[in-house]
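> Quick one, fold the following:
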Amino acid sequence: MTGTVSPDIAAEDEVVDLASELIRIDTSNTGEPDTVVGEQEAAEYVAAKLTEVGYEVELVESGAPRRMNVFARLKGADPERGALLLHGHLDVVPADASEWSVHPFSGAVQDGYVWGRGAVDMKDMVAMIIAVARWFKRTGTVPPRDIVFAFVADEEAGGKFGAGWLVEHRPDLFEGCTEAVGEVGGFSLTVGEDQRVYLIESAEKGMAWMRLQARGKPGHGSFLHDDNAVTRLSEAVARLGNHRFPLVMTDTVRAFVEQMRELTGQEFPEDDIEGALAKLGPVARMVGATVRDTANPTMLSAGYKANVIPSTAEATVDCRILPGRRDAFLREVDELLGPDVTREWITDLPALETPFEGPLVEAMAAALQAEDPNSRAIPYMLSGGTDAKHFSDLGIRGFGFAPLRLPPDLDFASLFHGIDERVPVDALKFGTRVLERFLLSS
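As a prediction, the model looks like this:
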């Protein structure tokens, strides 16, 4: 039975409030299950919003207490077509309130923005999905094919207690899904006077978090010592962290460069591709990281007392690997580490790349064009990773498409996991309209 919400309330009329309310639910994911908060509360909030307008929802706990996920399905006109998975994650990275202009979990709506942790990663998109889902149900709208709405836990820690668990243990929830849309893409980049490109994620680097360990002989810190685990590990970490992996132009990056050259007239010579990409402004940090593998040391651990040489030392390295580069990457890593440092994977998720073509891509471009005639959709590769990695195990082809028309001077890339994370109110409403058009034509 349909809820009491008036069908006259359009999706874009609700999306700002939905985003603000979601941000106010602290769903910080530290990566340590015992300290995770808020995911269950957020899931119950989403479930209530969908149930209110008549959806049958399923709440699913994914492998650990309170790691909660929400699923709902809207039947489409053609049951023979593959279903579309529309997914968003409910967790966010932690935030230190002392560093922010507003409280990171205030959901404040001021100065034309919705502020708070998750505003762009990715409670903005979650709010857009909920708003459109509610609008479809209230108005009796039937999309061209089935849509599966999925709101999942634990993306920020790799999805072990979220999408990864669901794919392994509850594949039935994704029955019939052939394509998926989630983060990080669909945002605009202004390239000329009133000319925008919208970057659609059609590829993403592999995500591999690696633990290194060196062993040595323990002893007193005052003695001469030539078998020091800390020294051995530090030298290996420095070699790896300072290494420059070879430049590789994947199909997606090449397509991005060719279309940007056509639109802007700017040259992107392969012998200085990174210098050319750097001229794109703040988004260059995101795009520039997709022409090489990276291995960035992020954590070090050794010892327990100043005058004791420990027997072991450990480091954690965040590795991001281009499609098709895994074997070559590992050979380089092992050569840099040498025989006395061992490695093991903490998280190991594959790189993805799919052609930027087909009816789904055409529907994205058309929806953007309808709301922004001076727009063009182009592919790009994400330097990070998303839950699309897990869904690909079920044969689901994924794209990043959370549409936002952004102010030309907004440093959008810096807002991901950054201080004063915020999303423009107008961009939220724009994205909701685009998402509605897209789902009605996909």
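> Which element, helix or strand, includes Glu357?
For Glu357, there is no enclosing helix or strand under DSSP states H and E.
> Number the residues from 811 up from this point.
Shifting the count to begin at 811 puts that one at Glu1167.
> Surely Ala1018 is in contact with Thr1157?
Yes: taking contacts as Cβ atoms under 8 Å, Ala1018 lies within contact range of Thr1157: 6.6 Å. Placement of C-beta: from N, CA and C, glycine included.
> who's more crowded, the two?
Between Ala1018 and Thr1157, counted using other Cβ atoms under 10 Å, Ala1018 has the larger neighbour count: 25 against 17.
> SS state for the nearest residue to the more buried one once chain neighbours are set aside?
Distance criterion Cβ to Cβ, 6 or more residues apart in numbering; nearest residue to Ala1018, sequence neighbours excluded, is Cys1129 at 4.2 Å. Secondary structure for Cys1129, judged by DSSP: H, G, I helix; E, B strand; the rest coil, is strand.
> Let me see the residues that make contact with the lowest-mean-pLDDT helix or strand in the chain.
Across the helices and strands of the chain, mean confidence by mean pLDDT, DSSP states H and E is lowest for helix 1094-1097: a mean of 80. With contacts defined as Cβ atoms under 8 Å, 6 or more residues apart in numbering, helix 1094-1097 is touched by 1009, 1063, 1066, 1087-1088, 1090, 1190-1193, 1223-1224.
> The same query, at a cut-off of 7 Å, please.
1087-1088, 1090, 1190, 1193, 1223 (Cβ atoms under 7 Å, 6 or more residues apart in numbering).
> any idea which of these is the one closest to Ser872?
Closest to Ser872 out of these is Ser1193 (26.3 Å), distances taken as Cβ to Cβ.
> Next, work out how far apart the closest residue to that closest one other than its chain neighbours and Gly1085 are.
Distance criterion Cβ to Cβ, 6+ apart; nearest residue to Ser1193, sequence neighbours excluded, is Ala1099 at 3.7 Å. Separation of Ala1099 from Gly1085 (Cβ to Cβ, to the nearest Å): 15 Å.
> Which of those two has more residues huddled nearby?
The neighbour comparison of Ala1099 against Gly1085 (other Cβ under 10 Å) goes to Ala1099, with 18 against 12.
> quick one: that one and Val1063, what's the gap?
Taken as Cβ to Cβ, the span from Ala1099 to Val1063 is 11 Å.
> Then Ala1094?
Distance from Ala1094 to Val1063, by Cβ to Cβ: 13 Å.
> Looking at those two, which has the bigger crowd around it?
Under the criterion of other Cβ under 10 Å, the comparison of Ala1094 against Val1063 puts Val1063 first, with 24 against 16.
> Compare the contacts of helix 1094-1097 and tell me which has the most neighbours.
Tyr1190 (29 neighbours).
> Please tell me I have it right and it contacts Glu1014.
No: using Cβ atoms under 7 Å, Tyr1190 makes no contact with Glu1014, being 9.7 Å away.
> Skipping adjacent residues, who's closest to Gln1005 in space?
Asn1184 (5.4 Å).
> and after the host helix or strand of Phe1209, which helix or strand comes next?
Taking DSSP H and E as the criterion, Phe1209 maps to strand 1207-1210. With elements assigned by DSSP H and E, the helix or strand that comes after strand 1207-1210 is strand 1232-1234.
> Helix or strand next in line after that following strand, which one?
That would be, after strand 1232-1234 and using DSSP H and E, helix 1235-1251.
> which helices and strands sit right next to that next one?
Helix 1235-1251 is packed against helix 821-834, strand 923-925, helix 933-949, helix 1169-1181, with contacts defined by 3 or more Cβ pairs under 7 Å, 6 or more residues apart in numbering; DSSP states H and E.
> tell me the secondary structure for Met1109?
strand.
> burial count for it?
11.
> cool, and Glu890?
Based on other Cβ under 10 Å, the number of other residues close to Glu890 is 7.
> ok but Leu895 is inside a strand, no?
Yes: counting by three-state DSSP, Leu895 is found in a strand.
> give me every residue that touches it.
With Cβ under 7 Å, 6+ apart, Leu895 has these contacts: 958, 960, 984, 987, 990, 1201, 1206.
> isn't the fifth one right up against Phe1201?
Yes: when contacts are counted by Cβ under 7 Å, Ala990 is listed as touching Phe1201 (5.2 Å).
> so what sits against both of the two?
Joint contacts of Ala990 and Phe1201 (Cβ under 7 Å, 6+ apart) are 895, 1208.
> Which elements pack onto whichever helix or strand Leu1087 is part of?
According to DSSP H and E, Leu1087 maps onto helix 1083-1088. If you count contacts as 3+ Cβ pairs under 7 Å, 6+ apart, helix 1083-1088 packs onto helix 1094-1097.
> now the helix it packs on: how far from the chain's centre is it?
14 Å (Cα atoms, centre = their mean, to the nearest Å).
> Same check on stretch 979-989?
20 Å.
> can you give me the mean pLDDT across it?
Averaging pLDDT along stretch 979-989 yields 98.
> Can I get that stretch in CSV, CA atoms only?
The C-alpha coordinates for stretch 979-989 follow below in CSV (Å, rounded to 0.1, in the frame of the first residue of the first chain):
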residue,chain,number,x,y,z
HIS,A,979,26.4,-15.2,0.4
ARG,A,980,23.3,-13.5,-1.1
PRO,A,981,23.7,-13.5,-4.9
ASP,A,982,20.0,-13.9,-5.1
LEU,A,983,19.5,-10.3,-4.2
PHE,A,984,21.1,-9.4,-7.6
GLU,A,985,19.1,-11.8,-9.6
GLY,A,986,18.8,-10.7,-13.2
CYS,A,987,21.1,-7.7,-12.8
THR,A,988,23.4,-7.2,-15.9
GLU,A,989,24.5,-3.6,-15.4
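> number of nearby residues for the residue nearest to Val936 when sequence neighbours are not counted?
Distances taken as Cβ to Cβ, 6+ apart put Gly898 closest to Val936, at 4.0 Å, once the chain neighbours are dropped. Applying other Cβ under 10 Å, we find 26 residues neighbouring Gly898.
> same check, this time on Ala857
20.
> Let me see the contact set for it.
867, 869, 880.
> Let's see if you can find the most crowded of those residues.
That'd be Val880 among the contacts of Ala857, by other Cβ under 10 Å, with 28 neighbours.
> who touches that residue in this structure?
853, 856-857, 867, 869, 961.
> sec struct for it, please.
Per three-state DSSP, Val880 ends up strand.
> before we move on, what about Glu1124?
strand.
> tally of neighbours for it?
Glu1124 has 16 nearby residues by other Cβ under 10 Å.
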